[in-house]
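Engineer: sequence first, predicted model second:
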Amino acid sequence: MTSEPLALHPDRFFSPIPAVREIARELYAAVADLPLVCPHGHVPPALLADDESFPEPTALLITPDHYIFRMLRSQGVRMEDMGIPTRDGAAVEADPRVVWQRFADHYHLFLGTPTRAWLDQTFAEVFGVDQKLTGDSASEIYDHLSAQLGRPEFRPRALFDRFNIDVLTTTDGAADSLDEHRRIRESGWGGRVIPCFRPDAVFRIASPEWRGELDRLADATGTEIGSYATLIRVLEERRAFFQSMGATSTDHAVVVPYTHRLPDVEANHLLQRALAGTATEEDQGAFEAHMLMEMARMSTEDGLVMQLHPGALRDHNAEVFERFGRDMGGDIPVATEYTHNLRELLNAYGSDPRLTLVVFTLDETAYARELAPLAGHYPAMRLGPAWWFHDSIEGMRRYRTQTTETAGIYNTVGFNDDTRAFLSIPARHDLSRRVDADFLAGLVAEHRVDEADAHRMIHALAVGLVRDTYNLGDDASAVVGDGVAVNGRAGE
């Protein structure tokens, strides 16, 4: 059977309306080659510290990607048959070629999805694949990818440089030693990789894993944590350590973004219940709400940008959780309320110029109703981009359409890829730049903004806003005419 060519159309994701498409082409061309600024993601820092060759294609592209095996599972493909390791060590498919063939046989399932868009672009532009992945072409493409991965120019640091990544932020637990970050800094390589402080595990006081996480934090600091006051002091010290290693942000994931300050004596009482092993889910909710207030307070003092990721019910599928463990594709969005839940935090710190609070959502119904009005009012608050399930073509469009009227673009933070899949980073940023160019082209075609302003806006969305929000340095390429910088500040 003759294979079909893999061709990426230069106008992909642009409007079919000629006038809009022509403007989108110009706007996209202005930012297509700008550096990639990655302020939030989950690439393991050991990847760039060790700089070892990637494994064969299946272990690199399929086994770690829950987007892939969740889709296949929905169509009846067993996770064991895709080589996903089980908790109990039960046998799973061990032949990577067999897994790759199964994936290729089902690749049509991803048509129209962002996963297909990212993978096709990765195949074509990173690996030089010129035919579509199908059951018939699977073996040949596997061999081609394997050969490429064995070359020095496909090692992680070489690809980091080739991708034109300016800065990459990882996500690291509060007790993490950051040894990989230290090794990167001491290696002499020029790539900028920085940590992000994520203390969530220490706040989940009803979790079975909580005591182990607290002990790890105590070991990391050489401090016995027996009181709330000690915990706060240790967290402040860890934040300072992360900053010394280049961190500019923190990250916090909760199901409900409820914020409420407790008296210190009550916070200590909850911690003592946790130490005794008697903390309840209600105790944890109260403790997390209080600790979000404390994290905002600390950010006003140390300047770390605070990110909030609410609304994901983790491990929804009990069978998948029991057999394969956490974060294996069974995380489902829930309806999320922000106006009441964030009110106490925003009243306390939302007008403080020292705080930047980036709020994300998985609940798109909150964009126009709550999030855009909140970000359009409180100086400290910014809207994170479409996240996770909605980091897609249509999700990005809905985000811009529903937030721009009320919040504008300058109360948003540009794009972040939020990915573990290192090789997909260029494709994700390219998709974002194309969608934003198309959105702005529509505004120009409707004479809502002129072309000069649209060029300023596309530079802001591509690099300026993210640099400004996350304190990641200046970008001379983002200054467009008359000393006007994309983040709204005059050029210096």
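Structural biologist: Thanks, I have it.

Engineer: thinking residue 82 is in contact with residue 71, fair?
Structural biologist: No. Look at residue 82 against residue 71 with C-beta atoms under 8 Å: they stay out of range, at 10.7 Å. In short, each C-beta sits where N, CA and C put it, glycine included.

Engineer: just give me the neighbour total for residue 209.
Structural biologist: 10 (other C-beta atoms under 10 Å).

Engineer: and it, how close does it get to residue 201?
Structural biologist: 7 Å (C-beta to C-beta, to the nearest Å).

Engineer: need the contact list for residue 284.
Structural biologist: Contact analysis of residue 284 by C-beta atoms under 8 Å, 6 or more residues apart in numbering lists 203-207.

Engineer: can you pull out the helices in the stretch 351-492 of the chain?
Structural biologist: 366, 372-375, 393-407, 425-445, 451-459, 465-469 (DSSP state H, counting those that start in this stretch).

Engineer: turn these into a markdown table, including mean pLDDT.
Structural biologist: Below are these laid out as a markdown table (pLDDT from 0 to 100):
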| stretch | mean pLDDT |
| --- | --- |
| helix 366 | 97 |
| helix 372-375 | 98 |
| helix 393-407 | 96 |
| helix 425-445 | 97 |
| helix 451-459 | 98 |
| helix 465-469 | 98 |
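
Engineer: so which of these gets nearest residue 111?
Structural biologist: Closest of the helices of the stretch 351-492 of the chain to residue 111 is helix 393-407, at 12.8 Å (criterion: C-beta to C-beta).

Engineer: give me the distance from that closest one to the chain's centre.
Structural biologist: In terms of C-alpha atoms, centre = their mean, to the nearest Å, the centre of helix 393-407 is found 18 Å from the chain centre.

Engineer: so what touches it?
Structural biologist: For helix 393-407, contacts defined as C-beta under 8 Å, 6+ apart pick out 13, 114, 117, 364, 367-368, 371-373, 375-376, 383, 385-386, 389-390, 409, 412, 431-432, 435-436, 438-439.

Engineer: give me the buried subset of the residues you listed.
Structural biologist: 13, 114, 117, 364, 367-368, 371-372, 375, 383, 385-386, 390, 409, 412, 431-432, 435-436, 438-439 (16 or more other C-beta atoms under 10 Å).

Engineer: doesn't residue 124 belong to a strand?
Structural biologist: No. Under DSSP: H, G, I helix; E, B strand; the rest coil, residue 124 falls outside any strand and is assigned helix.

Engineer: now do it against residue 275, distance only.
Structural biologist: Distance from residue 124 to residue 275, by C-beta to C-beta: 54 Å.

Engineer: ok, now residue 244?
Structural biologist: In terms of C-beta to C-beta, residue 244 sits 29 Å off from residue 275.

Engineer: with neighbour numbers in mind, choose between these two.
Structural biologist: Using other C-beta under 10 Å, the more surrounded residue of residue 244 and residue 275 is residue 275, with 16 against 9.

Engineer: what residue is smack in the middle of this protein?
Structural biologist: The centroid of the chain falls nearest to residue 418 when counting by C-alpha atoms, centre = their mean (1.6 Å).

Engineer: touching the lowest-mean-pLDDT helix or strand in the chain from outside, list them.
Structural biologist: Every helix and strand of the chain was ranked by mean pLDDT, DSSP states H and E. The lowest is helix 318-324, at a mean of 86. Contacts with helix 318-324, where a contact means C-beta under 8 Å, 6+ apart, come from 73, 79, 84-88, 315, 328-330.

Engineer: now with 10 Å, please.
Structural biologist: 69-70, 73, 79-80, 84-88, 90, 92, 314-315, 317, 326-330 (C-beta atoms under 10 Å, 6 or more residues apart in numbering).

Engineer: may I see the PyMOL selection of the buried members of those residues?
Structural biologist: In PyMOL, this line selects whichever of those come out buried by 16+ other C-beta under 10 Å:
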select buried, resi 69+70+73+79+84+92+315+317+328+329+330
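
Engineer: nearest to residue 21, out of the helices of the stretch 351-492 of the chain?
Structural biologist: Closest to residue 21 of the helices of the stretch 351-492 of the chain is helix 425-445 (C-beta to C-beta; 7.3 Å).

Engineer: just the CA trace of the helix or strand where residue 59 lies, in PDB.
Structural biologist: For residue 59, the element it lies in under DSSP states H and E is helix 57-61. Taking C-alpha atoms only, helix 57-61 is exported to PDB below (Å, rounded to 0.1, in the frame of the first residue of the first chain):
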ATOM      1  CA  PRO A  57      10.300   6.000  20.300                       C
ATOM      2  CA  THR A  58       7.700   4.200  22.300                       C
ATOM      3  CA  ALA A  59       9.200   5.000  25.700                       C
ATOM      4  CA  LEU A  60       9.700   8.600  24.600                       C
ATOM      5  CA  LEU A  61       6.400   9.500  22.900                       C
END
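
Engineer: helices or strands up against that helix?
Structural biologist: Judged by 3 or more C-beta pairs under 10 Å, 6 or more residues apart in numbering; DSSP states H and E, the packing partners of helix 57-61 are helix 96-105, helix 138-149.

Engineer: show residues contacting it.
Structural biologist: For helix 57-61, contacts defined as C-beta under 10 Å, 6+ apart pick out 54-55, 68, 82-83, 93, 95-103, 119, 122-123, 127, 141-146, 148-149, 421-424.

Engineer: can you pull out the strands in the stretch 51-200 of the chain?
Structural biologist: For the stretch 51-200 of the chain, the strands defined by DSSP state E, counting those that start in this stretch cover 165-169, 172-173, 193-194, 197-198.

Engineer: in CSV: those strands, plus mean neighbour count and mean pLDDT.
Structural biologist: Formatted as CSV, these follow (neighbours: other C-beta atoms under 10 Å; pLDDT from 0 to 100):
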stretch, mean neighbour count, mean pLDDT
strand 165-169, 22, 98
strand 172-173, 21, 98
strand 193-194, 24, 98
strand 197-198, 24, 98
